[in-house]
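A.B. asks: Got a sequence here, can you build the structure:
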Amino acid sequence: MNVFEDLVIELKEENLLEDTVMDAARNESAATVHAEPANITDIPIDVPPAAASEPAMGEQKAPESEYENTPVAMAVPADSDMQLQGNDETVEIRRPSSEREFFKKRAVGEVASLQMVEHVLTSVEREHMKVVPRTYDDFEAKKALNLFLKVADDVSTNEHKEAEFRLMHETESWCSALAERDHEISVANLRRYCENCRPMLSSQAMLSLARFYRNLPYSEGVRSKFDFIITRLF
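C.D. replies: Numbers count the residues shown, from 1 in each chain. Presented below is the predicted three-dimensional model:
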């Protein structure tokens, strides 16, 4: 044993040094010696009677099962109901029963979303910017929605096409007016309102704001507001 090894032992006894490379090599060689397999013929093997009577694998082909080619019926949820399961809750998504119902719900949802954005912008202007809100007259948009819902079932008629075009025109005009007002609202004012309003904004209102900012032409202000809404929502 040399001086270096003596020093290593002293340091290890005083808990000042952990295992060294030499110790690791020594332990590895010892483990290799103990890991040598024993003579397999010297180890008695107890074979159960049932297993001893069965042919070894590969000696005889097992007979085919009568259920081998039977198709397996999988449990598939109904088309109208789907569930998305999260960690703590289950969200149920119900598909529209028809394409016509889908377009009806989308039209109603578009108008309702614009109403929520209108409410938020009006509150920000009144409470934090201290200006008179330039509220949009949504009578024509609601009138166009009502007309569209009446003819929504007759997709192939000219009345349906005209009602759809009119509704699209009114919602685009409404969205453009909201975008012009929103241009004067800073991110700080929007944040201050969302954080301090009572009662708190619902998730549906936050989703309406997120969709509104997502559809606006890109700018740094729009991007900042969209990021804030998404961060607060999730």
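A.B. asks: Give me the secondary structure label for residue 130.
C.D. replies: Under the three-state scheme (DSSP: H, G, I helix; E, B strand; the rest coil), residue 130 adopts coil.
A.B. asks: Tell me the spacing between it and residue 189.
C.D. replies: For residue 130, the distance to residue 189 (C-beta to C-beta, to the nearest Å) stands at 10 Å. In this view, the C-beta of every residue, glycine as well, is placed from N, C-alpha and C.
A.B. asks: Comparing those two, which shows the higher neighbour count?
C.D. replies: residue 189 (15 against 7; other C-beta atoms under 10 Å).
A.B. asks: any idea which helix or strand carries the more buried one?
C.D. replies: helix 187-196 (DSSP states H and E).
A.B. asks: Identify each buried residue in that helix, please.
C.D. replies: 190, 191, 193, 194 (16 or more other C-beta atoms under 10 Å).
A.B. asks: Would you check which pair of those residues lies furthest apart?
C.D. replies: Greatest spacing in the buried residues of helix 187-196, by C-beta to C-beta: 191 and 193 (7.4 Å).
A.B. asks: Low-confidence ranges, the chain, go.
C.D. replies: In the prediction, the chain carries residues with pLDDT under 70 at positions 1-8, 10-97.
A.B. asks: in it, which spans are helices?
C.D. replies: Along the chain, counting by DSSP state H, helices occupy 3-13, 21-34, 49-53, 99-127, 139-150, 158-182, 187-196, 203-215, 220-233.
A.B. asks: I'd like to check the angle between the fifth one and helix 158-182, please.
C.D. replies: Going by axes from the mean of the first three to the mean of the last three C-alpha atoms, to 10 degrees, helix 139-150 is angled at 150 degrees with respect to helix 158-182.
A.B. asks: could you say what helices and strands helix 139-150 packs with?
C.D. replies: helix 99-127, helix 158-182 (3 or more C-beta pairs under 8 Å, 6 or more residues apart in numbering; DSSP states H and E).
A.B. asks: residues making contact with it?
C.D. replies: Helix 139-150 is contacted from outside by 104, 107-108, 111, 114, 160, 163-164, 166-167, 169-171, 173-174, using C-beta atoms under 8 Å, 6 or more residues apart in numbering.
A.B. asks: Can you go through these and name the buried ones?
C.D. replies: By 16+ other C-beta under 10 Å, the contacts of helix 139-150 give 104, 107, 111, 114, 160, 163, 164, 166, 167, 170, 171, 174 as buried.
A.B. asks: What is the nearest of these to residue 202?
C.D. replies: For the buried ones among the contacts of helix 139-150, the nearest to residue 202 is residue 114 (15.6 Å; C-beta to C-beta).
A.B. asks: That closest one: what's its closest spatial neighbour, skipping adjacent residues?
C.D. replies: Leaving aside its chain neighbours, residue 114 sits nearest to residue 174 (5.2 Å; criterion: C-beta to C-beta, 6 or more residues apart in numbering).
A.B. asks: can you tell me which residues contact the one you found?
C.D. replies: Counting by C-beta under 8 Å, 6+ apart, residue 174 has contacts 114, 118, 136, 138, 141.
A.B. asks: what does residue 120 give?
C.D. replies: Counting by C-beta under 8 Å, 6+ apart, residue 120 touches 190, 193, 201, 205, 209.
A.B. asks: got it, and residue 186?
C.D. replies: residue 221.
A.B. asks: 10 Å instead?
C.D. replies: Residues near residue 186 by C-beta atoms under 10 Å, 6 or more residues apart in numbering: 124, 128, 129, 192, 221, 224, 225.
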